[in-house]
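[1] What follows is a predicted protein model with its sequence.
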Amino acid sequence: MNSIVSAQAAHTSLATLPIAGHMQGVVRVIGQVLQLSGGGDAFIQFKLADCTGSRRAYAWCDQLVVPAHLEFHALVRVAMYLEQGRAGLCARITHMQEANERMLLSLPALTTLPRSHCVNHDAFDRLLALVRGLTISPLRNFVSLVLEQPRISAGFLTARASWRHHHREAGGLLLHSVEVAEFVRDAPHTSTLEQELAIVCALLHDIGKVATHGEHSSFRIPGS
């Protein structure tokens, strides 16, 4: 396997894409559009995201094999580099493959959570601190794998915690979950295991609201 995309190689976040040389990492695809260049050559314009922000990148269709059935918010491992274009520096993707669980768990927790979708960056940073602060790796990995699922990640950051009561604004679910987790973290505990189990339970206690209280949800419970 090319050393640029080997599973053992270092991860580079989107915010630290080097001016010279390749970068590689696991990122989230949050947009893709097929376009034609002025010369009639087909290319794909991607929008990629991770926990540091988002970046646009492109790839020539005849030079990149895109994973089949790439869904919205899919996780992929990419290799790319910055090059000078007519509009300035742009990122060109040279390799893309579907990311697997092993790749995700080799990175800091919540690396691919899309910061660009979050309306409350302070709550986002507090979430990262809570999860990355878990010392029991099975618990840390569990939370990370749940929240980084394509059908959960954006919704957890943007959903309300209720329709008419507390934290009813967009992003309220994230803020409420973080506040409850910080409360139980700081409460008296008999052991590290008890404390960290309580944090995990607090972070995920309303996870179902990703489906019922999201931006496009039509589901309602009277009085919710």
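    Nice, I can see it. Numbers count the residues shown, from 1 in each chain.

[2] what does stretch 60-80 rub up against?
    Stretch 60-80 is contacted from outside by 2, 4-5, 17, 22-30, 32, 34, 41-44, 48, 57, 59, 91-99, 103-104, 112, 114, 148, 150-151, 153-154, using Cβ atoms under 8 Å, 6 or more residues apart in numbering. All C-beta spots, glycine's among them, are computed from the backbone N, C-alpha and C.

[3] Endpoints of it, how far apart?
    Criterion Cα to Cα, to the nearest Å; first-to-last residue distance in stretch 60-80 is 12 Å.

[4] how's this structure carved up into domains?
    As assigned by automatic domain parsing, the chain contains the domains 3-101, 109-212.

[5] quick revisit: just the contacts of stretch 60-80: which are in strands?
    22-30, 32, 34, 42-44, 48, 57, 59, 91-98 (DSSP state E).

[6] rank the domains of the chain by pLDDT, which is bottom?
    The minimum mean pLDDT among those belongs to domain 3-101 (a mean of 84).

[7] what ranges do the strands span in this structure?
    Going by DSSP E, the chain shows strands at 22-36, 42-50, 53-60, 74-85, 88-98.

[8] Which positions in the fourth one come out as buried?
    Of the residues in strand 74-85, those with enough neighbours to count as buried (16 or more other Cβ atoms under 10 Å) are Ala74, Leu75, Val76, Arg77, Val78, Ala79, Met80, Tyr81, Leu82.

[9] residues near Thr12, how many?
    Neighbour count for Thr12, taken as other Cβ atoms under 10 Å: 18.

[10] typo on my end, His121
    Neighbours of His121 using other Cβ under 10 Å come to 10.

[11] what about the residue nearest to it when sequence neighbours are not counted, distance to Met23?
    Leaving aside its chain neighbours, His121 sits nearest to Arg115 (7.0 Å; criterion: Cβ to Cβ, 6 or more residues apart in numbering). Distance, Arg115 to Met23, using Cβ to Cβ, to the nearest Å: 17 Å.
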